[in-house]
Structures are given as structure tokens and as C-alpha cells.
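>>> Sequence and computational prediction follow.
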Amino acid sequence: MQTPCYHSRTEVIARRDGVDYVRCVDCGQVFEAEDLEPVPVRDDDAEES
């Protein structure tokens with residue numbers, strides 16, 4: 001059984017009619033950038049209060 005790819009490393013390969021198409025560097029799958037789920041980003045500056 002194959003392990004799922006989380007598409008954490010992507011590159012933009014094309015833009016057409018305002019839509020960005022990206023390719024996963026790890027598995028090679030191509031999809032629309034808006035199909036990616038947002039990745040939570042930790043803000044280190046906010047914790048220094």
C-alpha cells in the first residue's frame with residue numbers, strides 16, 4: 001500500500017486564465033493551486049509578547 005503524499009513541496013508550472021497550476025515535487029501530481037489545503041504557518045513573532 002502506498003503512503004499518502006501531502007504535497008508539501010510544490011512548484012508552479014503554468015498560469016492560465018488566472019488559475020495557477022502546480023506540480024508536487026515529491027509525487028509528480030499536477031493540480032490547481034487553489035485545491036491545496038492551507039498549511040498552518042507558525043508566527044514566532046507573535047509568541048514573543
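Structure's in. What do you need?
>>> Touching the one helix or strand Ile13 maps to from outside, list them.
Element membership of Ile13, judged by DSSP states H and E, is strand 10-16. Around strand 10-16, the neighbours that count as contacts under CB atoms under 8 Å, 6 or more residues apart in numbering are 20-25, 30, 33, 36. Using the backbone N, CA and C atoms, a C-beta is placed for each residue, glycine as well.
>>> show me where pLDDT drops low in this structure?
Scanning the chain for pLDDT under 70 picks out 1, 37-49.
>>> what about the strands in it?
Assigned by DSSP state E, the strands in the chain fall at 10-16, 19-24, 30-32.
>>> quick one, which of those strands is packed in tightest?
For the strands of the chain, average neighbour numbers computed from mean count of other CB atoms under 10 Å are highest in strand 19-24, which has a mean of 15.
>>> you'd agree Ala33 is up against Cys24?
No. Checked against CB atoms under 8 Å, the pair Ala33 and Cys24 is beyond contact range at 11.4 Å.
>>> what's Ser8 sitting at in phi/psi?
Ser8 adopts backbone torsions of phi -80, psi -20, taken as degrees, to the nearest 10.
>>> burial count for it?
Residues lying near Ser8 (other CB atoms under 10 Å) number 10.
>>> how close does it sit to Tyr21?
Noted for Ser8: a distance of 17 Å to Tyr21, by CB to CB, to the nearest Å.
>>> Thanks a lot, see you next time.
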